[in-house]
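S.K.: Below are the sequence and a predicted model for it; my questions follow.
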Amino acid sequence: MGSALGSLQKWIWLLALGGFALVVVALLGYRTGVLPLGIAFLVLLGGVLLSWWVLLLSLAKLRPRESRTAGWLRVVVPLGLAAGTGIGPVVHVFSALGLPAIHDITTDTVDPPRFAVLVTERGAEANSLEYGGAAVAAAQRTAYPALGPLIVDRSPDKILGFARDTAEAMGWEVVAVDPEAGRLEAIDTTFWFGFRDDVVVRVRPGTDGVRVDVRSVSRVGVGDLGANAARIRHFLGLLAVEALNMPE
């Protein structure tokens, strides 16, 4: 057993690079359209599992009894590489445990903002933009009870204009702005897999000020690991800060 473990540890560098390469291939393969989503996930899983194997081998090599004769750099560097590709995706998934399997999040579950322009740009295989109704609304309220609209004491035109500035500052691709309808539509591309998620911002005057509602919908997948709610919170947070500093 000891000789077998020692033999495997000689390959730690290659195994670490292999795990890293599989993760990169999965991400880039899907982003460029070379790999379908299902295959990309399988390649990613293979990279993560291989990285965890490297972690176990590296930790075994770092035992005090053996570290005196083993070169630390030959073990610590692949250990760090494997930690990044093995632990990162697992932490991301575990952080979303308990969240509902929904991908359509909105600050108004009674009257969700409607898409207009992006309806025709999503492709036939994309998730539907028809809101899921009471079941989705109930699941969202349970998971994100504090998620709601932003009320600001500014003119609708100013808020819509700054909503565009905020969206562009966040890296969104603004597809349409309709001042008459008080609506902005944009696409946010995620960093890792390059998922294209659609966002609609609705600005309406109300009795207490201008109400800003946001809806974010994933094009693929059943659940979103909390990405849409996080996107809405980030957007409204930035918009609220800037609205307070906006001249009357």
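M.R.: That came through, no problem.

S.K.: When you work out contacts or count neighbours from here on, use the C-alpha atoms and nothing else.
M.R.: Noted.

S.K.: all helices for the protein, in order.
M.R.: 2-9, 12-31, 37-61, 64-67, 72-94, 134-143, 156-169, 227-245 (DSSP state H).

S.K.: how about those, which one is nearest residue 202?
M.R.: Closest to residue 202 of those, according to Cα to Cα: helix 156-169, at 8.2 Å.

S.K.: Packing partners of that closest one?
M.R.: strand 173-178, strand 183-189, strand 196-205, helix 227-245 (3 or more Cα pairs under 8 Å, 6 or more residues apart in numbering; DSSP states H and E).

S.K.: Any chance of the ones you listed in TSV with mean pLDDT as columns?
M.R.: What follows is those, written out as TSV (pLDDT from 0 to 100):
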stretch	mean pLDDT
strand 173-178	97
strand 183-189	97
strand 196-205	96
helix 227-245	92
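
S.K.: Between these, which one is closest to residue 149.
M.R.: Closest among the helices and strands packed on helix 156-169, using Cα to Cα: helix 227-245, at 8.1 Å.

S.K.: Export the closest one to CSV, keeping only CA atoms.
M.R.: The C-alpha trace of helix 227-245 is given here as CSV (Å, rounded to 0.1, in the frame of the first residue of the first chain):
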residue,chain,number,x,y,z
ALA,A,227,-27.7,33.8,-8.9
ASN,A,228,-30.9,35.7,-9.9
ALA,A,229,-31.7,36.9,-6.5
ALA,A,230,-28.1,38.0,-5.9
ARG,A,231,-28.1,39.9,-9.2
ILE,A,232,-31.3,41.8,-8.3
ARG,A,233,-30.1,42.7,-4.8
HIS,A,234,-26.8,44.0,-6.2
PHE,A,235,-28.5,46.0,-8.9
LEU,A,236,-31.1,47.6,-6.5
GLY,A,237,-28.4,48.2,-3.9
LEU,A,238,-26.3,50.2,-6.4
LEU,A,239,-29.3,52.0,-7.7
ALA,A,240,-30.5,53.0,-4.2
VAL,A,241,-27.1,54.5,-3.3
GLU,A,242,-26.9,56.5,-6.5
ALA,A,243,-30.5,57.7,-6.2
LEU,A,244,-29.8,59.1,-2.8
ASN,A,245,-26.8,61.1,-4.2
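
S.K.: That's all I had, so thanks and see you.
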